[in-house]
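[1] Attaching a predicted model along with its sequence, questions to come.
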Amino acid sequence: MGGGEAGLRDVGDDAKLGIVLWTTDVPALARFFKAVAGLTVEALHPGFASLRVNGSRIDLHSDEAYRGHPWFDALTREGVARGIGTELHLRVANVDAAYDAALRLGALAVEAPCDVDDTRGCQVMGPDGFLLSLWQPASL
């Protein structure tokens with residue numbers, strides 16, 4: 001199946017926003033998103049996962065799902081960071097707890113939790129180099 005067909009397969013979904021991320025380890029990235037940002041894992045199969053967050057959907061695909069896609073050769077080169085250039089902003093219930101969970105799971109600390117104006121936030125780089133900006137309203 002070509003990249004376009006796979007990407008259009010679920011256009012009837014009720015998600016307000018859908019994102020597809022290619023990953024070298026679908027289960028690991030799904031576990032990371034669930035543990036760190038509280039995403040709901042709706043489906044987890046070899047090579048595919050579907051997660052929900054606030055009315056939006058993030059699908060995770062292994063390379064094999066898009067073997068005919070023009071990106072395939074570039075992404076399968078050893079050492080390529082999949083997430084480079086991708087930053088996902090996710091609201092969490094507790095930034096400090098999410099940051100600690102991310103570090104326990106092997107994430108790279110980019111910015112420790114801090115308060116800026118009315119927001120508490122942090123940044124971590126997770127599996128395959130995906131950057132997560134985690135935030136919550138700062139407590140008064």
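    Yep, it's here.
[2] So A98 belongs to a helix, correct?
    Yes - counting by DSSP: H, G, I helix; E, B strand; the rest coil, A98 is found in a helix.
[3] For it, grab the count of nearby residues.
    For A98, the count of nearby residues is 24 (other CB atoms under 10 Å). Just so you know, the C-beta spots here come from the backbone N, C-alpha and C atoms, and that holds for glycine as well.
[4] Now for it: which residues touch it?
    By CB atoms under 8 Å, 6 or more residues apart in numbering, A98 lies in contact with 36-38, 92, 122, 134.
[5] biggest strand in the chain by residues?
    Longest strand of the chain, by residue count under DSSP state E: strand 108-116.
[6] Return a ChimeraX selection command for the buried portion of the contacts of A98.
    Per 16 or more other CB atoms under 10 Å, the buried members of the contacts of A98 correspond to this ChimeraX selection:
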select :36,37,92,122,134
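[7] which other helices and strands contact whichever helix or strand comes after the longest strand of the chain?
    Moving toward the C-terminus from strand 108-116, the next helix or strand (DSSP states H and E) is strand 119-125. Other elements packing on strand 119-125 under the criterion 3 or more CB pairs under 8 Å, 6 or more residues apart in numbering; DSSP states H and E are helix 95-104, strand 108-116, strand 131-137.
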